[in-house]
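Undergrad: missing the sequence, but the structure's below:
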């Protein structure tokens with residue numbers, strides 16, 4: 001008998017936890033702030049409604065109807081062999097590739113939680129704090145140690161099963177994450193000059209839109225809307241396979257999206273309020289988390305306490321994604337190979353650390369390998385393959401299954417999505433899903449490769 005969540009809240013928090021990750025902290029605030037504030041925020045919310053939410057409903061419907069992970073859900077619902085064979089490859093490759101670099105980044109966060117808590121940044125100047133991150137990325141043994149720890153935590157939680165492990169631990173982490181993020185946001189907006197950061201972040205600025213061009217701004221908002229929910233590689237559908245039919249899935253997708261967006265918005269409030277208050281650069285990408293924010297807390301009164309809380313939040317965000325994707329990977333093995341949960345965990349206790357090592361070596365022994373051009377590394381390549389290739393391709397597969405007569409079909413999708421109480425998925429959306437959404441996904445796919453076409 002298939003495992004199920006013990007509570008609806010557990011399902012919502014865990015599925016949201018899969019979507020909530022470190023990209024909410026450094027990518028979302030940067031995209032909103034850099035490209036035009038409220039202008040981009042409104043575009044982002046629009047694309048969430050047009051792209052992200054419909055695809056989340058499809059993934060949840062496929063998971064709930066099939067009671068399978070993405071490894072076998074397509075073949076359970078459709079007799080068409082072409083996409084049914086392609087989707088499992090995309091899903092399995094996407095989840096493994098994501099963890100091949102995300103476990104390293106999660107390890108960085110755990111390292112910074114310890115360094116901040118133990119007073120490792122106390123008394124440091126800005127240049128010294130920047131050197132800490134450089135030193136970490138240059139130390140193979142230290143990075144592997146923290147990466148192994150992130151893998152061990154994720155697998156240990158998953159080993160206890162869905163209800164006693166994944167659901168129980170993730171619920172605690174997600175509730176703590178929301179509480180701590182609100183606490184940090186309230187503190188940061190009370191800092192001197194915080195209103196300047198909030199103005200940069202949230203007020204519409206068409207001069208920044210014109211500077212970058214509407215095409216770039218639309219692309220940034222569209223990409224963020226698609227990737228923030230982690231749709232396309234079955235990370236959402238596996239949790240749909242664990243729920244009952246008491247609630248319609250459009251409402252569930254909206255709630256998950258709202259929680260993900262709330263954390264992203266709070267991250268921006270914290271980052272921009274704090275950075276503008278102390279006159280530090282808020283546009284560094286990953287460096288925002290590991291260079292700028294430690295500088296902020298070193299200058300802040302009781303900064304060691306606030307910094308520890310911040311990196312505790314980041315650890316919860318990172319680990320919730322690790323646990324959710326590990327659960328998907330383990331369920332792949334259970335559904336595809338028929339092995340027990342215990343055996344699937346043991347297999348991946350070997351596979352996941354080994355597959356994650358190249359990302360670490362990309363910063364040290366293999367740093368001369370620059371697959372995407374000068375300054376790039378293995379992490380960049382793995383991230384590019386997931387974000388710019390496998391996610392949009394996977395979304396097209398789910399879309400095909402749910403609207404094509406050769407797939408599962410629109411009527412069966414609607415029946416599953418609208419089973420239970422709540423908001424109905426509109427039948428009239430068929431034309432949009434059939435003819436317009438594939439074009440939008442194609443645009444996302446093309447825009448991801450556009451920078452390389454001229455090279």
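TA: It's in. Note that the coordinates shown come from a computational prediction; the quantities given were computed from them, not determined experimentally.
Undergrad: Let me see the ranges of the helices in the stretch 251-400 of the chain.
TA: Taking DSSP state H, counting those that start in this stretch as the criterion, the stretch 251-400 of the chain carries its helices at 286-287, 293-299, 303-337, 341-361, 378-385, 391-403.
Undergrad: okay, these in TSV with distance to residue 4, mean neighbour count and mean pLDDT next?
TA: Bear in mind the C-beta positions are built from the backbone N, C-alpha and C, glycine included. Output for those, formatted as TSV (distance: least, Cβ to Cβ, whole Å; neighbours: other Cβ atoms under 10 Å; pLDDT from 0 to 100):
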stretch	distance to residue 4	mean neighbour count	mean pLDDT
helix 286-287	37	15	72
helix 293-299	39	22	91
helix 303-337	13	23	94
helix 341-361	14	18	97
helix 378-385	33	20	93
helix 391-403	22	25	95
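Undergrad: for the ones you listed, which one sits closest to residue 443?
TA: Ranking the helices of the stretch 251-400 of the chain by proximity to residue 443 (Cβ to Cβ) places helix 391-403 first, at 9.2 Å.
Undergrad: Helix 378-385 and the closest one, what's the angle between them?
TA: Between helix 391-403 and helix 378-385, the angle comes out at 20 degrees (axes from the mean of the first three to the mean of the last three Cα atoms, to 10 degrees).
Undergrad: now helix 391-403, how far from the centre of its chain.
TA: From the chain centre to the centre of helix 391-403 is a distance of 18 Å (Cα atoms, centre = their mean, to the nearest Å).
Undergrad: go on, stretch 206-214?
TA: Taking Cα atoms, centre = their mean, one finds the center of stretch 206-214 at 27 Å from the center of the full chain.
Undergrad: now do stretch 397-408
TA: Chain-centre distance of stretch 397-408: 25 Å, with Cα atoms, centre = their mean.
Undergrad: What of stretch 39-52?
TA: 17 Å.
Undergrad: Contacts for that stretch, please.
TA: Applying Cβ atoms under 8 Å, 6 or more residues apart in numbering, the contact partners of stretch 39-52 are 31-32, 202, 204-206, 209, 217-218, 220-222, 224-226, 228-229, 231, 257, 261, 437, 440-441, 444.
Undergrad: From those, list the buried ones, please.
TA: 31-32, 202, 205, 209, 217-218, 220-222, 224-226, 228-229, 231, 257, 261, 437, 440-441, 444 (16 or more other Cβ atoms under 10 Å).
Undergrad: hang on, the earlier thing: mind putting the helices of the stretch 251-400 of the chain in TSV, distance to residue 108 included?
TA: Listed next are those as TSV, based on distance: least, Cβ to Cβ, whole Å:
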stretch	distance to residue 108
helix 286-287	8
helix 293-299	12
helix 303-337	9
helix 341-361	11
helix 378-385	11
helix 391-403	23
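Undergrad: nearest to residue 21, of those?
TA: The nearest among those, by Cβ to Cβ, is helix 303-337 at 4.3 Å.
Undergrad: elements contacting that closest one?
TA: helix 8-19, helix 23-35, helix 81-117, helix 140-159, helix 168-189, helix 237-240, helix 293-299, helix 341-361 (3 or more Cβ pairs under 8 Å, 6 or more residues apart in numbering; DSSP states H and E).
Undergrad: and the next element down the chain from the second one?
TA: Right, helix 23-35. helix 38-47 (DSSP states H and E).
Undergrad: Run the angle between that following helix and helix 23-35 for me.
TA: 130 degrees.
Undergrad: Could you give the separation of the following helix or strand past helix 38-47 from the chain centroid?
TA: For helix 38-47, the following helix or strand on the C-terminal side (DSSP H and E) is helix 53-66. The chain centroid and the centroid of helix 53-66 are separated by 18 Å under Cα atoms, centre = their mean.
Undergrad: quick one on the thing from earlier: between the helices and strands packed on helix 303-337, which has the poorest average model confidence?
TA: Ranked by mean pLDDT, the helices and strands packed on helix 303-337 bottom out at helix 23-35, which scores a mean of 79.
Undergrad: List of residues touching stretch 381-399?
TA: 55, 58-59, 62, 74, 83, 86-87, 90-91, 93-94, 97-98, 100-101, 223, 226-227, 230-234, 237, 359, 371-372, 433, 437-438, 441-442, 444-445, 448-449.
Undergrad: could you give the mean pLDDT of stretch 194-209?
TA: Across stretch 194-209, pLDDT averages out at 88.
Undergrad: So what touches that stretch?
TA: So stretch 194-209 is in contact with 29, 32-41, 188-189, 217, 268-269, 271-277, 282, going by Cβ under 8 Å, 6+ apart.
Undergrad: how far out from the middle of the chain is it?
TA: Using Cα atoms, centre = their mean, the offset of stretch 194-209 from its chain centre is 25 Å.
Undergrad: distance between the ends of that stretch?
TA: 23 Å (Cα to Cα, to the nearest Å).
Undergrad: same question, stretch 32-43
TA: First residue to last in stretch 32-43 (Cα to Cα) measures 10 Å.
Undergrad: Of the contacts of stretch 194-209, just the buried ones, ChimeraX syntax please.
TA: Remark: buried members of the contacts of stretch 194-209, expressed as a ChimeraX selection using 16+ other Cβ under 10 Å:
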select :29,32,33,34,35,36,37,39,40,41,188,189,217,268,269,271,272,273,274,275,276,277,282
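Undergrad: And the contacts of stretch 4-15?
TA: Under Cβ under 8 Å, 6+ apart, the answer for stretch 4-15 is 162-163, 166-167, 170-171, 174-175, 236, 239, 242-244, 246-247, 252, 255-256, 259, 320, 324.
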